[in-house]
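[1] no sequence for this one, just the structure:
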């Protein structure tokens, strides 16, 4: 009788071990599937075209390629430079009004306010007249173009612009010799320059 009780105890422990082992294996499989899904995630909203390596990374693009790039400027840390005649807005710097022909997150302190970023992009692109008071309150030193003179009107008249790509580290632009930031910790900034053909 004593041996039968011991045998039942051992069988119970073996059963508990098998259940624990199967739960552990199941957890590992779910973790692996989740990691595979994350690693293989594909941005369904945009399809990227990778340019083969060549001495110059440039292509001709139209408004259909430029607009999505402008909307991604703040979320993906782009600096977008337009030809000089494409004044996006004028900004008062040290009491002097300067024409700005680029979009750069570094130069405008917007924080994490996505509504403010969207408002700035729409004002640059379309010259939103109906939000004039909100623009003046949020950007007191910036003068945006009128609705008919905004960037969208200039771009829709252009057939194609030449797009050039580049990359630099933000920490290397100012005080490059004093920068003690490791390369792995530097912030990479993508520069997109548009020129007339």
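    The structure has been received and is ready for your questions. Keep in mind it's a predicted model, so treat the numbers as computed, not measured.
[2] Return the distance of the most centrally placed residue in the chain relative to residue 66.
    In the chain, the centroid-proximal residue (CA atoms, centre = their mean) is residue 76; its distance is 1.4 Å. Going from residue 76 to residue 66 by CB to CB, to the nearest Å gives 15 Å. For every residue, glycine as well, the C-beta is placed using N, CA and C.
[3] can you check residue 139 too?
    Distance, residue 139 to residue 66, by CB to CB: 22 Å.
[4] Disregarding residues adjacent in the polypeptide, which is nearest to the residue nearest to the centre of the chain?
    In space, and not counting its chain neighbours, residue 76 is closest to residue 190: 7.2 Å by CB to CB, 6 or more residues apart in numbering.
[5] Confirm the one you found sits in a strand?
    Yes - assessed with DSSP: H, G, I helix; E, B strand; the rest coil, residue 190 lies in a strand.
[6] so residue 158 touches residue 64, yeah?
    No - with contacts counted by CB atoms under 8 Å, residue 158 stays clear of residue 64, the gap being 11.8 Å.
[7] Just want to know which of these two has more residues nearby.
    Under the criterion of other CB atoms under 10 Å, the comparison of residue 158 against residue 64 puts residue 158 first, with 16 against 8.
[8] mind listing the helices for the chain?
    Per DSSP state H, the chain carries helices over the ranges 2-39, 63-71, 114-126, 132-138, 151-157.
[9] closest one to residue 84 among these?
    Ranking those by proximity to residue 84 (CB to CB) places helix 151-157 first, at 12.3 Å.
[10] now for that closest one, which elements pack on it?
    helix 63-71, helix 114-126 (3 or more CB pairs under 8 Å, 6 or more residues apart in numbering; DSSP states H and E).
[11] Mean neighbour count, the ones you listed: which tops it?
    helix 114-126 (a mean of 17; mean count of other CB atoms under 10 Å).
[12] now that one and helix 63-71, what's the angle there?
    Going by axes from the mean of the first three to the mean of the last three CA atoms, to 10 degrees, helix 114-126 is angled at 150 degrees with respect to helix 63-71.
[13] Pull the residues that contact the helix or strand of the chain with the lowest mean pLDDT.
    Using mean pLDDT, DSSP states H and E, the weakest-scoring helix or strand in the chain turns out to be helix 132-138, at a mean of 74. With contacts defined as CB atoms under 8 Å, 6 or more residues apart in numbering, helix 132-138 is touched by 116, 119, 120, 123, 128, 142, 144.
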